[in-house]
Each structure stands twice: as structure tokens, then as C-alpha cells.
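Peer 1: Got a predicted model here, sequence first, then my questions.
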Amino acid sequence: MARFRELAVWMNGHLVGYWSVSAGDSSFVYGESWLSSAHRRPISLSMPLRASSAPYRGEIVANFFDNLLPDSSLVRTTLQTRLGLDSRDPMALLEHLGRDCLGALQLLPLDEPGASPDIIDGEPLSDSEIAKILRGLPRFPMGVDRDTEIRLSLAGNHEKTALLRDEEGKWMRPIGPTPTTHILKLPIGMTPDGFDLSLSVENEWLCLRLLGELGFPVARAEIADFEDQRCLVVTRFDRVESNGGLVRLPHEDLCQATGTAPAFKYESDGGPGIRECLKLLGGALHPTEDREVFFKSQIAFWLLCAIDGHAKNFSLSILPLGRFKLAPLYDVLSAYPIMGHGVGKLPRQKATMAMAVWGKNRHYNWDRIFRRHWLRTARDCGLPNPESLISDLCSEVKEAVKKVEESLPRSFPEQVGLPILEGLLNASASLEPLK
């Protein structure tokens, strides 16, 4: 007989509901107390609040919780080994890693209470101790090991961990239910395809700086060195200080919001595209603003040759009663530094965007996308003034590049900065209307 397994789902000290798995079938039910709470909101737009406490079942539930974990099957297998588990299915992993997930959720055993936001407890860490954690990430994904108190889950394919930093800038390893506040991302290094992304930290930092200067809301990021370990330190926008405590802010990515499995995060694999995302954002608290920001972000990604802007790299902030808004941009990496011909280089014609634009057909190929495709896509999606959307963004590029370039430290690697800044300027010029 299949074993019945169940975890309680908590949000900032409030019991939200129960996730259970039996015979491979997932179900989630909101608790009666949550449905009547002043704090009530759905855990996902794919599972809205409803009058009764009838459970959600099947793939829509399984996909939501699956998206809380790292995408890589190799990382999941390593986690299974490090934690001494019999299985690497989402329930088995999240039973151990669900105390600090994306957004506000905590997944806990039924006999363990959820964390109160005013409890902050951490073990101080020196730079050398953080460096040791970072060095160990290939063997201990997210810094997780049976002998540590790190019990967090971070989605994505990147080698990273999360830690707590206090108001004085001191780093700590969270103890018990205390949330993390910052994500530390290592350089990607050499990819299986032979691309050298050993300067991905500088690349992502620069992309976020440029997007910020272009007026986009972006995650705060800084480059930090812990002994010989360089990393990108990203401030979590799903955490906020409040009344001396740390509150987890409910968020979900667009795969979760659309009920999409992480394996289908790319549109070409069946995941959400621009049209589906804009349709979803039509229900946002500020639909006109969020739809415009999302569409302009797609143009900006093309300008930066940031070709990995799939549905998991966009998130929503979930507000009371199921209202929502688009979250800041994050995980943006330009392919310009690796473009070219020869070993370890990406030919322009092989660069493909994560989401397509269209003319007569769908276009993913980066070097075959032109102004007319953006105009057609914007009009088909019902966006007003598509000419202005493109022109307004491109008109900001030169000044943004100038400001960022002037602020770059002298030590910033030229092999990252030069191709990204020049590529952005050239791509922007190509979108200008013919005169």
C-alpha cells in the first residue's frame, strides 16, 4: 500500500493548509481558519481561494511544489544523498528543505508550529566560514548537509546558497525557522556546452545595473569576495524587516502561477510565452503598468542578448485576497561576452530567446528579430502605443550606458563590460525606425 505523506503549509506563523501525497497523487487543501483569516491569500494564482475547503488535486498541485526545488536532477540526486533520503521526489526533499522557500511558505511536519516573524536567531559567520560554505556548494547544494541547520530550498540551476545578514552587515547562518535575507550565487563556470561563464557574477551584476538605469524594478545585487570565493549577493525581495522581525512576503514564479511544470519553463518546450504572461498580468493590481513593464523587459532582454528569460525568471508578489503585482527582475545574464565563432563561442544565429515574438510565424532566433516583430507582438497582445513603448525604452539606452560605464570600477573585467555595453548600444540603434 502506498504511504500517505503530509506537510503543513505555513505563512508567517499562520497555518494556510495541507499538502499531501499518496500513490503519487498530490493534493492541497486550504485550512478553514485560513479561509476566514484577515491575512488570507492563495499560495498560488493556479490555486485560488474558494468558498469551500475542497482540495486541489493532481498536476496543478504537484507542479507548484516541484517548482520550489532546484531544476537540476543531478542537484536533486545530490541532495537526496546528502540528506540520506530514500527518494528525491518533491515531498521527500521539501520535508527537509521546506523551512525557507521562495516567498512566504514554510512546509513543516504536522507537529511543528510555523515561525513567528519576530523570531530572529542566527549563528555568526566569519568570511572564512562563508568561503568554506561557498567552496562546498558543488558537493553540498545550497549549503545543505545533514550536519548543518541549513534547511532551505532555492529554485533554479545555479550553485547558490542563502544566508542571513543583520542591520550591521554581519553574516549569520539562520537557526531554526529564521528566514534568510540574501542569496549568494557563485560563478557558473564552464557549462556542459563548453561556454566559459566564469565571469557570470560580473555579467549579472552589470545587467541588473543597466536594467535599473533603464527604469526597471530590479533585485538589489552586489559583488562580494569571501577569501578566494567571489559571488553575487542578491537581496531577497521576498523578505522585509518589520517591527524588529523578518516577514516573509508571498511570491511565486510564472511557472507556478500558470500551473506549469519546471521542465516546461521555456515557451518552445510548452511553457508560457509573452501572450500568456500578458494575459495573466491583465488581472494584476496595476495591469497597465505591469503589462508594459513585462513587455518592455522582453525588449530589454533582447537588447542585452539575455536569452534565458523563461517563466521561472519572472515572479509575482501575492497580496491579500489574491491580488498580485509583478515582482522586480532578477537572474538576467547576457550572452554578448560569449558570442562569436570558434571553440567556446556562441554564433549569433544560434542564440535563441526564451520567449518568442511573432510576425507571420513565431521567432525565437535572436538575430532574426526586428522592430516589426515587436510591433506586431505588442499590437496582437493589445498593448497601447507600441511605437512609443519601443522608442521610449531605446531613447534611454545611451544615457543608461554612460552612467553605468562611468561608475564601473577600474578592475571590472573588460571582456564582460565591453561586449555588453557595445552590444546594448548597437541593438538599440537597430530598433530605431527607418528615416
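Peer 2: Thanks, I have the structure now.
Peer 1: Domain ranges for this protein, per the record?
Peer 2: 5-108, 122-235, 250-430 (automatic domain parsing).
Peer 1: Run through the strands of the stretch 301-435 of the chain in chain order.
Peer 2: Here the stretch 301-435 of the chain has its strands, by DSSP state E, counting those that start in this stretch, at 315-318, 324-326, 352-358, 362-365.
Peer 1: could you dump those strands to a markdown table with mean pLDDT, distance to residue 62 and mean neighbour count?
Peer 2: Glycine gets a C-beta too; all of them are placed from N, C-alpha and C. Formatted as a markdown table, those follow (pLDDT from 0 to 100; distance: least, C-beta to C-beta, whole Å; neighbours: other C-beta atoms under 10 Å):
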| stretch | mean pLDDT | distance to residue 62 | mean neighbour count |
| --- | --- | --- | --- |
| strand 315-318 | 98 | 20 | 23 |
| strand 324-326 | 98 | 22 | 22 |
| strand 352-358 | 96 | 23 | 21 |
| strand 362-365 | 96 | 28 | 16 |
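Peer 1: Lowest mean pLDDT across the domains of the chain, which one is that?
Peer 2: For the domains of the chain, the weakest mean pLDDT is recorded on domain 122-235, namely a mean of 88.
Peer 1: first to last residue in stretch 86-100, what's the distance?
Peer 2: Using C-alpha to C-alpha, to the nearest Å, the end-to-end distance of stretch 86-100 comes to 22 Å.
Peer 1: re the thing from before, which of the domains of the chain sits closest to residue 115?
Peer 2: domain 122-235 (3.1 Å; C-beta to C-beta).
Peer 1: circling back to that earlier point, so which of the domains of the chain comes closest to residue 114?
Peer 2: Closest among the domains of the chain, using C-beta to C-beta: domain 5-108, at 3.0 Å.
Peer 1: how far out from the middle of the chain is that closest one?
Peer 2: Put simply, domain 5-108 sits 18 Å off its chain's centre (C-alpha atoms, centre = their mean, to the nearest Å).
Peer 1: Apart from its chain neighbours, what residue comes closest to residue 92?
Peer 2: residue 85 (5.1 Å; C-beta to C-beta, 6 or more residues apart in numbering).
Peer 1: How many residues are close by that neighbour?
Peer 2: 14 (other C-beta atoms under 10 Å).
Peer 1: give the contact list for it.
Peer 2: 79, 92, 93, 96 (C-beta atoms under 8 Å, 6 or more residues apart in numbering).
Peer 1: Residue 71 versus the residue nearest the centre of the chain, what's the distance?
Peer 2: Centroid-nearest residue in the chain: residue 313, 4.4 Å away (criterion: C-alpha atoms, centre = their mean). Distance, residue 313 to residue 71, using C-beta to C-beta, to the nearest Å: 11 Å.
Peer 1: Would you indicate which residues of stretch 231-251 are buried?
Peer 2: Neighbour counts over stretch 231-251 (16 or more other C-beta atoms under 10 Å) mark 231-234, 236-239, 245-251 as buried.
Peer 1: What of stretch 289-297?
Peer 2: 290, 291, 292, 293, 294, 295, 296, 297.
Peer 1: ok, and the fourth one, which helix or strand is that part of?
Peer 2: Looking back up the chat, that one is residue 293. helix 287-304 (DSSP states H and E).
Peer 1: how much does that helix deviate in direction from strand 352-358?
Peer 2: 130 degrees (axes from the mean of the first three to the mean of the last three C-alpha atoms, to 10 degrees).
Peer 1: hmm, back to that, the residue nearest to the centre of the chain and residue 257: what is the separation?
Peer 2: Here the distance between residue 313 and residue 257 works out to 13 Å (C-beta to C-beta).
Peer 1: go on, residue 247?
Peer 2: 21 Å.
Peer 1: Residue 198 too?
Peer 2: Applying C-beta to C-beta, the value for residue 198 to residue 257 is 34 Å.
Peer 1: Same drill for the two, tell me which one is more crowded.
Peer 2: residue 257 (26 against 14).
Peer 1: isn't that one right up against residue 46?
Peer 2: Yes. With contact defined as C-beta atoms under 8 Å, residue 257 and residue 46 form a contacting pair (6.0 Å).
Peer 1: And the strands in the stretch 101-250 of the chain?
Peer 2: Ranges of strands in the stretch 101-250 of the chain, per DSSP E, counting those that start in this stretch, are 105-108, 122-124, 160-165, 171-174, 182-185, 189-190, 196-197, 221-226, 229-235, 239-242, 245-248.
Peer 1: can I get the buried residues of stretch 289-297 in a markdown table with distance to residue 378?
Peer 2: Shown next, in a markdown table, are the buried residues of stretch 289-297 (distance: C-beta to C-beta, whole Å):
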| residue | distance to residue 378 |
| --- | --- |
| 290 | 15 |
| 291 | 10 |
| 292 | 10 |
| 293 | 13 |
| 294 | 11 |
| 295 | 6 |
| 296 | 10 |
| 297 | 13 |
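Peer 1: Name the nearest of these relative to residue 217.
Peer 2: Of the buried residues of stretch 289-297, the one sitting nearest to residue 217 (C-beta to C-beta) turns out to be residue 293, at 7.3 Å.
Peer 1: Just give the nearest non-adjacent residue to the closest one, would you?
Peer 2: Residue 293 sits nearest to residue 326 (C-beta to C-beta, 6+ apart), 5.9 Å away.
Peer 1: so how far is residue 336 from that neighbour?
Peer 2: In terms of C-beta to C-beta, residue 326 sits 26 Å off from residue 336.
Peer 1: for residue 44, same thing?
Peer 2: Distance, residue 44 to residue 336, by C-beta to C-beta: 35 Å.
Peer 1: Looking at those two, which has the bigger crowd around it?
Peer 2: Set residue 44 next to residue 336 and count neighbours by other C-beta under 10 Å: residue 44 wins out with 27 against 23.
Peer 1: which residue ranges form the helices in the protein?
Peer 2: 32-35, 59-66, 73-83, 90-97, 127-135, 200-213, 254-257, 274-281, 287-304, 371-380, 386-394, 397-407, 414-430 (DSSP state H).
Peer 1: and the angle from the third one to helix 90-97?
Peer 2: Using the same axes, to 10 degrees, the direction of helix 73-83 lies 50 degrees away from that of helix 90-97.
Peer 1: What distance do you get for residue 88 to residue 255?
Peer 2: Residue 88 is 19 Å from residue 255, by C-beta to C-beta.
Peer 1: neighbour-wise, which of these two wins?
Peer 2: More crowded of residue 88 and residue 255, by other C-beta under 10 Å: residue 255, with 27 against 17.
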